[in-house]
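Mind folding the following:
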Amino acid sequence: MQDLKEGQEERIRETVIKRIDQYLEERRDIGFMMAVSSRVDNERDHIVNIGTSILCTKWKVGYPGGSFVQALVNNDLMETHGRADDINLNCIRFYVYLMYNQGYIS
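Numbering: from 1, shown residues only. Purely as a prediction, here's the structure:
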């Protein structure tokens, strides 16, 4: 893994937040909408953190993600589903969308 460049993690986080809003506009993913619009602020933060970890793991920058993130990046659907918490079960489609539609952020 390479070290993150100065401000890179924050730029990735900002992009994940923008992608969440874009995904909500483009898709009718009810489970994801419920997870993101939860009244519990830390659930949206959890989604942003996991999305950031996915991109960092995919690009091999910063720290490697946990078992859920590794399974998703490795395209292991069964392991991804088995490692997902209640929030991430509703976000797998978004994470795949994010992973395959976001170019590298330096």
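
For the closest residue in space to N90 that isn't next to it in sequence, give me the pLDDT.
Of all residues not flanking N90 in the chain, G31 sits nearest, at 3.5 Å (C-beta to C-beta, 6 or more residues apart in numbering). All C-beta spots, glycine's among them, are computed from the backbone N, C-alpha and C. The score at G31 is 88. That number is its pLDDT.

Name the residues of the lowest-mean-pLDDT helix or strand in the chain that come out as buried.
Using mean pLDDT, DSSP states H and E, the weakest-scoring helix or strand in the chain turns out to be helix 30-36, at a mean of 87. By neighbour count on 16 or more other C-beta atoms under 10 Å, the buried set for helix 30-36 is 32, 35-36.

how far out from the middle of the chain is whichever helix or strand comes after it?
Later in the chain than helix 30-36, the nearest helix or strand by DSSP states H and E is helix 41-59. From the chain centre to the centre of helix 41-59 is a distance of 4 Å (C-alpha atoms, centre = their mean, to the nearest Å).

Show me the contact partners of helix 41-59.
Helix 41-59 is contacted by residues 4, 9, 12-13, 15-17, 19-20, 35-36, 38, 62-66, 68-70, 72-73, 87-88, 91, 94-95, 98-99, 102, 104-105 when judged by C-beta atoms under 8 Å, 6 or more residues apart in numbering.
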